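Participant: Here is a sequence together with a model predicted from it:
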Amino acid sequence: MSQETIESLVRGILQEMNSGPVKPVESSASTSGSGTAATAADYPIAQKHPDWIKTKTGKTLEDITLANVMSGALTPEDLKITPRILNAQGEIATSAGRKTISRNFTRAAELTVVPDERVLEMYNALRPYRSSKVDLLAIADELETKYEAKISADYIREAAEHYEKRKKLKGDN
């Protein structure tokens with residue numbers, strides 16, 4: 001596979017990731033940067049509004065090249081998505097009548113402020129029989145108070161209730 005083919009593939013993947021979708025860090029009206037909410041007409045964002053796309057460290061689509069990866073000019077931190085673009089993708093989903101996907105983008109945007117290691121710990125805690133109800137409720141409280149991730153906190157609380165009903169909590173097996 002040629003370097004040009006690999007670079008094209010990497011760009012395509014990044015564009016797809018950024019053109020499809022959470023915590024409202026900015027007001028919905030300014031998520032797109034234009035002062036109005038993004039709509040289905042703005043999809044795909046990478047093609048119609050590449051200027052909206054910046055990674056967590058401020059990199060643009062033009063910065064994402066195989067040459068920059070190979071030279072070490074890009075790190076994993078340079079590839080992380082921002083709440084702003086996730087919220088814009090959520091607005092697009094809402095505009096297209098896809099409220100469930102929109103809510104998922106909003107939840108994802110909330111989680112961008114949670115350290116990666118902690119997200120993985122929370123994910124593992126949600127596996128059946130791994131946590132008590134108290135453990136899950138503590139995670140929900142942490143999400144809500146420490147990270148202002150209300151939607152995600154509600155999701156964890158709902159999981160705790162379902163696990164309790166279905167006997168999937170630690171000690172139930």
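Facilitator: Okay, I see it. Owing to the predicted nature of the structure, the values given are computational and were not obtained by experimental measurement.

Participant: Just the helices from this protein, written as ranges.
Facilitator: 3-19, 45-48, 66-71, 83-95, 99-111, 116-125, 133-146, 150-165 (DSSP state H).

Participant: TSV please, covering these and showing mean neighbour count and mean pLDDT.
Facilitator: The C-beta positions use only the backbone N, C-alpha and C, and glycine is treated the same way. Listed next are these as TSV, based on neighbours: other C-beta atoms under 10 Å; pLDDT from 0 to 100:
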stretch	mean neighbour count	mean pLDDT
helix 3-19	15	61
helix 45-48	16	90
helix 66-71	14	90
helix 83-95	25	94
helix 99-111	20	94
helix 116-125	13	96
helix 133-146	17	98
helix 150-165	17	96
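
Participant: And this protein, split by domain according to the record?
Facilitator: Structural domains assigned to the chain are 1-113, 114-173, following automatic domain parsing.

Participant: Wait, residue 103 touches residue 151, no?
Facilitator: Yes. The pair residue 103 and residue 151 passes the contact test of C-beta atoms under 8 Å, sitting 6.9 Å apart.

Participant: Could you say which one of the helices of the chain comes nearest to residue 39?
Facilitator: Among the helices of the chain, helix 83-95 comes nearest to residue 39, with 4.1 Å by C-beta to C-beta.

Participant: Packing partners of that closest one?
Facilitator: If contacts are counted by 3 or more C-beta pairs under 8 Å, 6 or more residues apart in numbering; DSSP states H and E, helix 83-95 sits against helix 3-19, helix 45-48, helix 99-111.

Participant: Helix 99-111 and that helix, what's the angle between them?
Facilitator: Between the axis of helix 83-95 and that of helix 99-111 there is an angle of 170 degrees, by axes from the mean of the first three to the mean of the last three C-alpha atoms, to 10 degrees.

Participant: Nearest residue to the middle of this structure?
Facilitator: Taking C-alpha atoms, centre = their mean, the centroid of the chain lies closest to residue 108, which sits 3.1 Å from it.

Participant: That one and residue 118, how far apart?
Facilitator: 15 Å (C-beta to C-beta, to the nearest Å).
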